[in-house]
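[1] sequence first, predicted coordinates after that:
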Amino acid sequence: MSFLDEYKRQPKLYIDLPSSGEFYSDGVFEDNQFVQIPVFAMSAADEIMTKTPDALFSGKSVVNILKSCIPLLNDPWQLIKTDLEYLLTAIRIASIGNTTDIASSCNKCGETNVVEVNLQSVLTYIDNAPYESSFQYEDLTINIRPITFKQMSDLGIALYQKQKTLYQLQVAEMSQDQRVEQVATLSDEIIKMTTRSLIKYIHSVSNSTSTEQNNETIRKFIEDNDLKISKAFADEITKFVDLITYSAQTVRCAGEVDENTLCDNEYKISYNSDYSSFFVIR
Amino acid sequence: MPLSDSEIEELIEKYENEIKEIKYRLYKTGWFMRGFVSYHDLMHTLSREDIIIMTDIINENLETTKESGLPFI
């Protein structure tokens, strides 16, 4: 391949990273460039990656697409959630244009409705979303920030495997008592895993004199403490997660309940830029 | 909840067919462009927009050939 090949592909847009790269170590982005980052359109090979199930499942598809379309990005696994969403949306704009269609099934009549989402407004939303926050619990200050793509991917795979096991338990041949016991154990593990995934958002806990940054120590502190603490922390972190996630859009169902009555049901859908999100829960 | 086994099987089949369609579209464009673009260009360099422009050029040429009655090959 000639070096001239590099010149064939032209950037479609230039973006500034919402977090300004504040949390990244040297080398995650080439020359630590966090502004005017060139974004290229997806090639056919990238499009094929979005349809390769094993690579989607492991997160490899997203990593390869990010590396191909944003050459300045060396380590996509280290991206925080908000930057990841922003970059994937920018790649979509560069590849397919300013809008994308989202199909959803009505929860009342089952009709498939398609809604057009303006991707520029997704970028604006993420750009204005906070990329860190803090809350008080008694005299403790808890600082939170979005988790990385690597953490999201690992948690998503682990949760998916547990939920698959739960599904298999429901159809497996065993006594009712055994099933109830195993389902209860597994459900408990899923709840713990979900709580732990929220704890990963905690960057540090401090009081007037000390600061703890070790996530494992923070996790033990929360798990060994009253349920009240874990609930208070989970509530605050969930609020933060909702805030940094592009808000859901309202869909009015165009289906028919019977010959003369329109369904007209209103329900919410959310936009997710991660290609594997419908496959693996992230 | 994640997709069920049968839904995953359906999705995999749908993806396999879509990948075949993408490849068919690319190789056909390559054939019509008569060596102007390589496999590498089609697969790794050109964007969807570029391929659509090429497809338009091909269609225009096919139409011109049809109207003029000249042999295509």
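    Right, received. Where do you want to start? Numbers count the residues shown, from 1 in each chain, chains lettered A, B, ... in the order given.
[2] hey, let's count contacts and neighbours off CA atoms from now on
    Will do.
[3] what ranges do the helices span in chain B?
    Secondary structure of chain B (DSSP state H): helices at B:5-32, B:39-40, B:48-68.
[4] indicate which one of those helices is closest to chain A.
    Across the helices of chain B, the minimum distance to chain A, taken as CA to the nearest CA, is reached by helix B:5-32, at 5.2 Å.
[5] who does the closest one touch, helix- and strand-wise?
    helix A:44-49, helix B:48-68 (3 or more CA pairs under 8 Å, 6 or more residues apart in numbering or on different chains; DSSP states H and E).
[6] those: lowest mean pLDDT?
    Mean pLDDT is lowest for helix B:48-68 among the helices and strands packed on helix B:5-32, at a mean of 90.
[7] any idea of the angle that one forms with helix B:5-32?
    Here helix B:48-68 runs at 50 degrees with respect to helix B:5-32, directions being taken by axes from the mean of the first three to the mean of the last three CA atoms, to 10 degrees.
[8] what's in contact with helix B:48-68?
    Under the contact criterion CA atoms under 8 Å, 6 or more residues apart in numbering or on different chains, helix B:48-68 has outside partners A:41-44, A:95-96, B:26, B:29, B:32-33, B:42, B:71-72.
[9] for A:Ile144, what are phi and psi?
    phi -120, psi 150 (degrees, to the nearest 10).
[10] quick check: it touching A:Ser204?
    Yes - using CA atoms under 8 Å, A:Ile144 is in contact with A:Ser204, at 7.1 Å.
[11] tabulate the helices of chain B in CSV, adding columns for mean neighbour count.
    Shown next, in CSV, are the helices of chain B (neighbours: other CA atoms under 10 Å in any protein chain shown):
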stretch, mean neighbour count
helix B:5-32, 14
helix B:39-40, 12
helix B:48-68, 14
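[12] can I get these in CSV including distance to A:Ala234?
    Below are the helices of chain B laid out as CSV (distance: least, CA to CA, whole Å):
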stretch, distance to A:Ala234
helix B:5-32, 32
helix B:39-40, 49
helix B:48-68, 43
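[13] so which of the ones you listed gets nearest A:Tyr125?
    Proximity to A:Tyr125 (CA to CA) singles out helix B:48-68 among the helices of chain B, at 26.6 Å.
[14] grab the nearest non-local neighbour of A:Asp75.
    A:Val28 (4.9 Å; CA to CA, 6 or more residues apart in numbering or on different chains).
[15] how many neighbouring residues does the one you found have?
    A:Val28 has 18 neighbouring residues, counting by other CA atoms under 10 Å in any protein chain shown.
[16] same check, this time on A:Phe135
    Considering only other CA under 10 Å, A:Phe135 is surrounded by 14 other residues.
[17] can you give me the helices in the stretch 51-200 of chain A?
    Applying DSSP state H, counting those that start in this stretch to the stretch 51-200 of chain A gives helices spanning A:53-58, A:60-69, A:81-96, A:119-128, A:149-171, A:176-199.
[18] and whatever residue of the stretch 51-200 of chain A ends up closest to chain B, what does it touch?
    Of all residues in the stretch 51-200 of chain A, A:Lys51 sits closest to chain B, at 5.2 Å by CA to the nearest CA. Contacts for A:Lys51 were tallied using CA under 8 Å, 6+ apart; they are B:15-16, B:18-19.
[19] same thing but 10 Å
    A:61, A:275-276, B:11-12, B:14-19 (CA atoms under 10 Å, 6 or more residues apart in numbering or on different chains).
[20] what bridges to A:Ile142?
    Using DSSP bridges, the bridge partners assigned to A:Ile142 are A:Phe135, A:Val205.
[21] thought it was touching A:Ile229?
    No - A:Ile142 lies out of contact with A:Ile229 (CA atoms under 10 Å); the separation is 11.9 Å.
[22] so which residue is smack in the middle of chain B?
    For chain B, the residue sitting closest to the mean C-alpha position, by CA atoms, centre = their mean, is B:Arg25 at 1.7 Å.
[23] now for that one: which residues touch it?
    So B:Arg25 contacts B:19, B:51, B:55 (CA under 10 Å, 6+ apart).
[24] fine, thanks again, bye for now.
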